[in-house]
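# Need a 3D model of the following:
(chains A and B)
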Amino acid sequence: MPDIDIDAPGKTMMLMGNEAIARGALEAGVGFIASYPGTPSSEILPALAEVAERRNLYAEWSINEMVALMNAAAAATAGIRAMATMKQNGTNVALDFMATLASNGLRGGAGLILVNADDPGRRNSPNEQDTRGVAKMLDIPLLEPGDFQEAKDMTRWLFELSEELDSLVMLRTVAKISHTRGNVTLGELMPNERPAHFPLFPRPQAGSINLHARAHEKLDRAKKQFETAPFNRYLGPDEPELLVITCGASFLHAMEAVRILELQDRVGVLKLGTIWPLPEALVEKHLGKTRQVLFVEEVHPFVEQSVMELAASLGPTGPRPVFYGKRSGHLPPYGELNPDEVIKPLAEIMDLTYQSRDPGYAAQVQAASSQEVIVRLGTLCPGCPHRASYWAIHRALQLDGREGFATADNGCMSAGYGPGGFFVAKIGGAMGGGAGLADGYGKLKRFGFDQPVIGGLGDSTFYHAGIPALLNGVWNQSNFTLVVYDNSATAMTGFQPHPGVGMTAMGVQGKAVPIEDICRAFGIRVEICDPFELEKTTGVMLDVVRDEGHGPRVVIMRHECELQRARRESAPYRVWVNPDKCLGESCGCDRLCVRIFRCPGLRWNAETGKSEIDEVICCGCGLCTDICPQGAIEKAPAAKGVAS
Amino acid sequence: MMKELMKDPLSLIVIGVAGQGNVVTSFLICDALVNQGFLVTFGQSYPPQQRGGPVINYIRVSKSIQASPIIPEGRADVIVAMEPVEAMRMLSQYGNPDVLTMVNPRPIQAIDTTGQGIKYPSLDKLMEDITALSAKTWVIQATEEAAKLGNPIMANVVLVGALVGSGVLPLNREAMEAVLAERFPKALESNMKALDRGIELVKQHA
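So this is what the prediction gives:
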């Protein structure tokens, strides 16, 4: 794929929603972007970092989202167009600073966009959240693209709006836009040629002046612009029998539903791009032309409530359509939508019967699939060092025998809740939560608590939000073990570097700050293990867990992410099961390798009654050779080479 | 001049088990279609874990609309499955009497997440049912053929070749060569070999 800064106005490319946002920023002359990785927002920053040098812009992975937003705000108030990008959980982290920034404005500086990518259905998130409410709470404008072209065009437009209002503005996307690809026609690139300078005037308005009033005056100005903004579109007959009001990815589903039910001549679709504040005159005009409205949006009834509030304010002479949506129970107030979930209420309201396919076929496919479609749950990758770490913890806690448990981190570490992590993790949530929760349990001895607690953090999370929790434990002498799973990457979101690695987003070597240096500065016991040395690691874990009475201890499980390693070089070992040694069903291990250890590269051969390696999936890490009690899994060094 | 689609929008599913490379398969198809001037939407559905779960790619192609990134129930026109159970999984949700199915018959076992054991269905019966539930089925030994070419992971490019050779998409060898050259400039030769092998296989099939 060509780089996103290709200078070819009018060319149509297939771009991911996130890449389209990055392109839009380049067409607006963005100069500064800061971010912390989080699905589904992660691809915006790398797309810009890739071209940063030649486009005269600065791009960084920041240590967390609040610092990212602070950085971007500094650039904007010094006259450089700036953007901070994050997922919903990141916006929560940034919220404190964001709230004051929303009132204070940009001191007459350059445009500043906060890009928030939500994850309806929480496929890749610890929670489901509709972050549109944040814009309403902070009184800042919010736009949401309904396709890939808009993702680009809106980003560009928002820089202008931000400058005009002297306000932080928010671009909200959802996974099905950010992580979906579609056609985007490129516009002109704008070079970033602004000099950075911080104006000493105006002086900050201190004391009793309530800046919140000014935010409302800005919102009123935004609303006037929104009434005619190109991102609000109406498609359908002049006086539709039913008006669908929609936004975001739901727009694509709604259009599909209208086409499938062949309702183009009867149903109109009002697609809103300017979500907050609501373009009230525009909406009122469309409400006056129909007797029924169906709201199609994901998660909260955000637009639904805004429109119903508007309708109520228009009084008895105003339009009075019947409203269908989440309040009426036609759509769920949670989860990701799809075309089928729109077809259903639409058919019901329009009094149509809809059959998705021939019933005879449906019965036939149901009969076959109910027998043949096996459950296929995901797990940690073959060769994942976390599997080894969790195995060592699982064993150590069993040996300790006091009902010990672990807390979990987000990202790959969340496998600890399931079979991939041998169910060692029981509670977690939020970046750094693994440390903060363990710190809390570590203070409950006075109430009779005697279970060992192992706090869990990924390496990137340690820097993001783990340090304050650990330091709190040291200060208050809490009894817990903190395990930092250091695979030298933010693997789940796409291998972004972090301070432990030292490499920056723009590919230059910054200063690496190792986890152990920080922990040792706190004056506590620090152990570093290679989890692939299973026996040794298990022994260290047991010893550290029992080393109680002087505050937290840290174990760093250090082994590179297998996917990252495999990008660079070929497999270290050739691995096979020796059928003469594998005792199969008759072994006392009860199929330990495939039933408990469960690396995807191991499989059970029902015909031979023995385990075997699936050579297509096995990554050749060799870890499983250490778990077989019969030593039946064997390995030999593979011919070394560079990954293809 | 834009070529004709057999349907508009044309709805294609590329399905595999995470790690099989079906996202790359989809990229190649989508890039080539966009280059031909079509409006393409490429949506994905995947579980949060990295390996072992199914990864569904939805590709929608049209001359005039940017379609939804998710295919409605019973509305797939073409299913390309890198694994046979996954072909059945897609038929159960998106299949219909007119669906065209291309399947790599190489099974991938599910990880035993319950500890109770997971019984992989009889492959013969599975392939028989897939064929019965599809208007046309191409069985392409993609993993086996890719292994013969030196790397089983290239099964995905073999399947792209078979898809192009089958003629269900408005794409030809040249269109694919252009996108392979763009995505894999250093490994163009081996990828073209895999592509050509796929084209050959589907021709033999007919």
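
# burial measure for the closest residue to A:Pro141 other than its chain neighbours, as a count.
Using Cβ to Cβ, 6 or more residues apart in numbering or on different chains and skipping the chain neighbours, the partner closest in space to A:Pro141 is A:Ala222 (4.3 Å). No exception for glycine: its C-beta is placed from N, CA and C like everyone else's. Here the count is done by other Cβ atoms under 10 Å in any protein chain shown, and A:Ala222 has 23 residues near it.

# Provide a list of residues in contact with A:Ala222.
When contacts are counted by Cβ atoms under 8 Å, 6 or more residues apart in numbering or on different chains, A:Ala222 touches A:141, A:161, A:165, A:167, A:274, A:277.

# Of those, which is the nearest to A:Arg446?
Checking the contacts of A:Ala222 against A:Arg446 by Cβ to Cβ gives A:Ser167 as the nearest, at 49.7 Å.

# Check the gap between that closest one and A:Glu160 for me.
A:Ser167 sits at a distance of 12 Å from A:Glu160 (criterion: Cβ to Cβ, to the nearest Å).

# Pick out whichever of these two has more residues nearby.
More crowded of A:Ser167 and A:Glu160, by other Cβ under 10 Å: A:Ser167, with 27 against 14.

# tell me the pLDDT at A:Phe590?
No, residue A:590 isn't Phe; it's Asp. Listed pLDDT for A:Asp590 reads 83.

# For the stretch 201-350 of chain A, which residues are neighbours of chain B?
A:249, A:252-253, A:255-256, A:259-260, A:338-340, A:343 (Cβ under 8 Å from any Cβ of the partner chain).

# coming back round to it: in what helix or strand does the residue nearest to A:Pro141 lie?
Element membership for A:Ala222, per DSSP states H and E: helix A:212-226.

# Over to B:Ala87?
Short version, using DSSP H and E: B:Ala87 is in helix B:84-94.

# per-residue confidence averaged over that helix?
So the average pLDDT for helix B:84-94 ends up being 97.

# Not counting its own residues, what contacts that helix?
A:365-366, A:368-369, A:372-374, A:376, B:11, B:13, B:15-17, B:54, B:56, B:71, B:73-76, B:79, B:81, B:99, B:101, B:103-108, B:110, B:120-121, B:123, B:126-127, B:129-130, B:133-134.

# So which residues of the stretch 51-200 of chain A form strands?
A:58-61, A:82-87, A:112-118, A:142-143, A:169-174, A:181-185 (DSSP state E, counting those that start in this stretch).

# Tell me which of those approaches chain B most closely.
Counting by Cβ to the nearest Cβ, chain B lies closest to strand A:181-185 out of these; the figure is 4.1 Å.

# how about the helices of the stretch 351-500 of chain A, start to end?
Assigned helices in the stretch 351-500 of chain A, in chain order: A:359-372, A:385-400, A:433-441, A:459-461, A:467-476 (criterion: DSSP state H, counting those that start in this stretch).

# try chain B
Taking DSSP state H, the helices of chain B run over residues B:22-35, B:84-94, B:123-132, B:142-148, B:155-166, B:173-183, B:188-205.

# can I get those helices in TSV with distance to A:Glu284?
Listed next are those as TSV, based on distance: least, Cβ to Cβ, whole Å:
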stretch	distance to A:Glu284
helix B:22-35	39
helix B:84-94	41
helix B:123-132	54
helix B:142-148	57
helix B:155-166	50
helix B:173-183	48
helix B:188-205	56
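
# Which of those helices sits closest to A:Ala571?
Comparing those against A:Ala571 with Cβ to Cβ, the closest turns out to be helix B:142-148 (15.2 Å).

# And the contacts of A:Ala222, which two are furthest apart?
Of all pairs drawn from these, the one with the largest separation by Cβ to Cβ is A:Ser167 and A:Thr274; the distance is 14.2 Å.
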